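Enquirer: prediction below, plus the sequence it came from.
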Amino acid sequence: MVRMGLERIIDEYRRQKAGEQIVEAYRQIPETGTDLNGLDAATTTLIEEEPW
């Protein structure tokens with residue numbers, strides 16, 4: 001049980017650090033309109049291709 005608890009703590013710490021790095025990267029280089037252009041259309045296309 002101790003091992004599982006430690007693994008969970010380590011996993012949570014790593015996830016938190018990864019999230020912080022992502023946020024910091026977006027702060028340093030924010031998304032622009034150019035970055036986001038076409039994302040809605042691409043997402044819609046992907047969803048439409050699914051064999052629901």
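Expert: Received it, and whenever you're ready, just let me know what you need. Numbers count the residues shown, from 1 in each chain.
Enquirer: now the helices for this structure?
Expert: 2-28, 33-36, 39-49 (DSSP state H).
Enquirer: mean pLDDT lowest where, among those helices?
Expert: Among the helices of the chain, helix 33-36 has the lowest mean pLDDT, at a mean of 86.
Enquirer: kindly format the C-alpha coordinates of it as CSV.
Expert: In CSV, the C-alpha atoms belonging to helix 33-36 read as follows (Å, rounded to 0.1, in the frame of the first residue of the first chain):
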residue,chain,number,x,y,z
GLY,A,33,-5.6,33.6,-34.7
THR,A,34,-3.5,32.0,-37.4
ASP,A,35,-2.8,29.0,-35.0
LEU,A,36,-6.5,28.5,-34.5
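Enquirer: starting at the chain centroid, how far to it?
Expert: For helix 33-36, the gap between its own C-alpha mean and the chain's C-alpha mean amounts to 17 Å (C-alpha atoms, centre = their mean, to the nearest Å).
Enquirer: buried set for it?
Expert: Using 16 or more other C-beta atoms under 10 Å as the burial criterion, none of the residues of helix 33-36 qualify. Bear in mind the C-beta positions are built from the backbone N, C-alpha and C, glycine included.
Enquirer: contact partners of it?
Expert: Contact partners of helix 33-36, identified using C-beta atoms under 8 Å, 6 or more residues apart in numbering, are not found; the set is empty.
Enquirer: 10 Å - rerun?
Expert: Contacts of helix 33-36 from elsewhere in the structure, counted by C-beta atoms under 10 Å, 6 or more residues apart in numbering, are Ile29.
Enquirer: do the same with stretch 19-31
Expert: By C-beta under 10 Å, 6+ apart, the residues outside stretch 19-31 that reach it are Asp35.
Enquirer: now do 6 Å
Expert: Residues lying outside stretch 19-31 but in contact with it, judged by C-beta atoms under 6 Å, 6 or more residues apart in numbering, are absent altogether.
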